[in-house]
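**Q** this is the structure alone, sequence omitted:
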């Protein structure tokens, strides 16, 4: 592996992680306290908890991030352990959904999402619009980072 490929891979990894962070912050900011109360309501039933976990993981593209958020909510006393189990199980299902999203070649939407998200963040009239812009921008950065890593690692596949 050349030094250039190594730098490209690390740059792509940085974009991926940063995109995940921005997307998560945007989702959290857009939903705010409503997200916590909604999670509490939806996770009382374990079956609904599994669905919530799968959806959150599919949106933020990381079962690890979902699990970390759930552990944080349990530590904060917002959720109890039985609620968390359903969400974490759903997070594992969401990972499968994430793999399917990658198979749909959403990387083609990465640059338009980055552009659109940036415009919404800069010109959004209120906080909710700017948070939604962060979600779109984070989505674009996440997929652009994956595309960059794929390009860097392609020579290793031969």
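**A** Ah, there it is. Model, not experiment: these values are computed from the prediction. Numbers count the residues shown, from 1 in each chain.

**Q** and stretch 71-83, average pLDDT?
**A** For stretch 71-83, mean pLDDT is 78.

**Q** list the buried residues for it?
**A** By neighbour count on 16 or more other Cβ atoms under 10 Å, the buried set for stretch 71-83 is 73, 79, 83. From N, CA and C alone the C-beta is placed, and that goes for glycine too.

**Q** how about the contacts made by residue 39?
**A** 52, 73, 78-79, 87 (Cβ atoms under 8 Å, 6 or more residues apart in numbering).

**Q** neighbours of the residue nearest to residue 122 when sequence neighbours are not counted, just the number please.
**A** Nearest non-adjacent residue to residue 122, counting by Cβ to Cβ, 6 or more residues apart in numbering: residue 133, 7.8 Å away. Applying other Cβ atoms under 10 Å, we find 22 residues neighbouring residue 133.

**Q** sorry, back to before: among the contacts of residue 39, which one sits closest to residue 37?
**A** residue 78 (8.8 Å; Cβ to Cβ).

**Q** okay then, goodbye and thanks.
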